[in-house]
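>>> Generate a structure from the sequence data that follows.
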Amino acid sequence: MLRSDLADRGGKTIMIIARTPFRMSFFGGGTDFAEFYKEYGGSVLSATFDKFCYVTIRHLPRFFQYYTEICYSEIERVTNVEELRHPLVREAMKMLDMHEIRLTYEADLPAKSGLGTSSSFAVGMLNAFHSIKGQYLSKRQLADEAIYLERVLCKEAGGWQDQIAAAFGGMNKILFGEDGYHVQPLIIYPIRRRKLNSHLLLFFTGFSRYSFQIQSETRARMKDNIQDLLEMKSLVDEAERILTDKEQDLDEFGRLLDYNWQLKRKLNREISTESIDDIYRKAKEAGALGGKLLGAGGGGFILFYVPLDKQAAVRNALNDLLYVPFQFEDEGSRIIYYAPEIYSPRGVKRNVTDDVWYDDFHGRWGDRQDASIPFR
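Here you go, the predicted model:
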């Protein structure tokens with residue numbers, strides 16, 4: 001038997017669209033693991049940019065045999081939330097007591113590419129879920145809830161920086177310690193920030209990677225890499241000094257990226273590959289001062305700092321890779337479309353007195369059962 005939607009919802013629909021940016025981490029990756037920062041403290045320098053994921057949700061109309069529909073690289077249609085295969089969606093819906101949802105995920109860039117796409121999706125989805133409930137969460141609340149969802153409920157390996165970057169947006173120094181984390185926006189002269197942006201070239205290597213396995217291996221070897229991680233942590237302050245001091249040569253940022261990449265490669269042999277090493281070598285020979293593979297490693301996107309007069313040579317040397325221009329962004333996750341409705345859970349009849357209307361003649365709100373306000 002098909003379910004009737006119109007009687008319970010008065011023909012109204014709701015749609016929420018959450019837009020959440022992806023991030024690029026410059027320095028300090030790996031020091032945001034709890035096993036490290038609780039003992040040594042952690043520090044990360046990262047920025048979000050104008051490539052986004054979009055999470056669209058609405059309550060599923062009751063015309064179908066299934067109650068929930070999730071569309072990503074697959075389409076799942078289920079009658080029980082427990083039947084969902086996507087762990088983030090399943091656990092988030094259970095955590096927030098969500099029902100009868102149609103959720104669609106779209107993104108400007110592919111998943112599993114080193115840009116924190118999974119965490120951006122988690123943050124955007126939670127933002128949309130709370131919005132459909134009429135609830136507002138601060139950026140910190142969004143980040144905290146996404147961390148709990150991914151690291152605790154879904155038991156996914158990794159640090160905390162991705163969820164924080166996606167929720168807060170902007171270019172930030174994120175400090176980690178026993179008391180949690182603190183987000184410090186970098187105060188950079190606007191022209192210097194645009195100059196940094198113009199010197200960064202982003203390429204897609206074409207290699208998909210699974211961060212869970214790489215991060216698990218890196219995590220297992222953490223005790224053997226303490227000194228390298230401590231040095232990588234110290235580079236965050238040095239990079240901040242280069243960016244915020246107008247008297248500093250900005251090219252030093254590129255050289256520091258190169259030094260950081262050599263340290264990162266030592267953490268886990270799976271972080272780089274022969275193909276990635278060849279790409280890096282070609283870019284350096286063509287004039288790049290430094291760069292790094294974004295994310296846990298193994299493939300995905302690679303970022304280079306290149307002086308303006310060398311960029312044509314670098315792009316020519318890497319002409320078999322997809323070049324992706326970008327601009328920094330500062331907003332973080334936000335709701336870009338909101339159309340509300342009155343929703344009654346399945347099996348619960350909506351009270352018709354919920355249909356309120358505004359009486360312009362009398363200047364007050366009424367409902368369809370209010371006999372004191374005549375219908376005209």
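
>>> wait, doesn't Leu96 sit right on His130?
Yes. Under the criterion of Cβ atoms under 8 Å, Leu96 makes contact with His130 at 7.3 Å. Yep, even glycine has a C-beta here, placed from its N, CA and C like the rest.

>>> what helix or strand does the residue nearest the centre of the chain sit in?
Central residue check for the chain by Cα atoms, centre = their mean: the C-alpha nearest the mean position is that of Ser120, 1.8 Å away. Assigned by DSSP states H and E, Ser120 belongs to helix 117-132.

>>> and that helix, what other elements does it pack with?
Based on contacts counted as 3 or more Cβ pairs under 8 Å, 6 or more residues apart in numbering; DSSP states H and E, the elements that helix 117-132 packs against are strand 15-27, strand 42-59, helix 87-96, strand 101-107, helix 139-147, helix 161-168, strand 334-339.

>>> Could you say which helix or strand holds Lys173?
Of the helices and strands defined by DSSP H and E, Lys173 is found in strand 171-177.

>>> Give me the mean pLDDT for that strand.
Strand 171-177 shows an average pLDDT of 97 in the prediction.

>>> What helices and strands are in contact with that strand?
Using 3+ Cβ pairs under 8 Å, 6+ apart as the contact definition, the elements that strand 171-177 packs against are helix 34-40, strand 42-59, helix 161-168, strand 180-185.

>>> Which of the ones you listed sits closest to Gly291?
Nearest to Gly291 among those is strand 42-59 (15.0 Å), distances taken as Cβ to Cβ.

>>> State the distance from the residue nearest to Glu35 when sequence neighbours are not counted to Tyr67.
By the measure of Cβ to Cβ, 6 or more residues apart in numbering, the closest residue to Glu35 outside its immediate chain neighbours is Met222, 5.7 Å from it. When distances are taken as Cβ to Cβ, to the nearest Å, Met222 and Tyr67 turn out to be 43 Å apart.

>>> Tell me, what's the model's pLDDT at the residue nearest to Phe26 when sequence neighbours are not counted?
Nearest residue to Phe26, sequence neighbours excluded (Cβ to Cβ, 6+ apart): Leu45, at 4.7 Å. At Leu45 the predicted local distance difference test score is 98.

>>> Please name the residues that touch Leu45.
Residues in contact with Leu45 (Cβ atoms under 8 Å, 6 or more residues apart in numbering) are 25-28, 171-174, 186, 236, 239-240.

>>> residue ranges for the helices of the stretch 251-376 of the chain, please.
251-265, 274-286, 311-317 (DSSP state H, counting those that start in this stretch).

>>> With neighbour numbers in mind, choose between Met222 and Tyr67.
A side-by-side neighbour count of Met222 and Tyr67, using other Cβ atoms under 10 Å, places Tyr67 first with 19 against 15.

>>> Please verify my assumption that the more buried one contacts Pro61.
No. With contacts counted by Cβ under 8 Å, Tyr67 stays clear of Pro61, the gap being 10.8 Å.

>>> Buried residues, stretch 108-122. List them.
Neighbour-count burial for stretch 108-122, counted by 16 or more other Cβ atoms under 10 Å, picks out 109, 111-122.

>>> min pLDDT across those, which one?
Ranking the buried residues of stretch 108-122 by pLDDT puts Lys112 at the bottom, with 80.

>>> Give me the distance between it and Asp32.
Taking Cβ to Cβ, one finds Lys112 at 19 Å from Asp32.

>>> okay, and for the stretch 1-150 of the chain, where does confidence drop off?
Judged by pLDDT under 70, the stretch 1-150 of the chain has its weakly predicted residues at 1-13.

>>> So Tyr136 sits against His130, correct?
Yes. At 7.2 Å, Tyr136 and His130 qualify as touching, with contact defined as Cβ under 8 Å.

>>> Among those two, which residue is more densely surrounded?
It is His130, of Tyr136 and His130, that has more neighbours when counted by other Cβ under 10 Å, with 19 against 10.

>>> got the contact list for the more buried one?
With contact set as Cβ under 8 Å, 6+ apart, His130 has these partners: 96, 136-137.

>>> can you list those residues in JSON lines and add distance to Gly291?
Shown next, in JSON lines, are the contacts of His130 (distance: Cβ to Cβ, whole Å):
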{"residue": "Leu96", "distance to Gly291": "40"}
{"residue": "Tyr136", "distance to Gly291": "39"}
{"residue": "Leu137", "distance to Gly291": "35"}
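
>>> Name the SS class of the residue nearest to Leu294 when sequence neighbours are not counted, please.
Computed as Cβ to Cβ, 6+ apart, the closest residue to Leu294 that is not its neighbour in sequence is Gly114, at 3.7 Å. Using DSSP: H, G, I helix; E, B strand; the rest coil, the three-state assignment for Gly114 comes out as coil.

>>> For Met125, see how far away Gly114 is.
Between Gly114 and Met125 the computed distance is 20 Å (Cβ to Cβ).

>>> Next: Arg102.
From Arg102 across to Met125, the span is 13 Å (Cβ to Cβ).

>>> Likewise for Leu250?
Here the distance between Leu250 and Met125 works out to 37 Å (Cβ to Cβ).

>>> re earlier: for the contacts of Leu45, which one is nearest Gly363?
Asn172 (47.9 Å).

>>> Tell me, how many residues neighbour the closest one?
Other residues within reach of Asn172, judged by other Cβ under 10 Å, total 23.

>>> so who does it touch?
Under the criterion of Cβ under 8 Å, 6+ apart, the contact partners of Asn172 comprise 45-47, 164-165, 183-186.

>>> run the last query once more with 6 Å
183, 185 (Cβ atoms under 6 Å, 6 or more residues apart in numbering).
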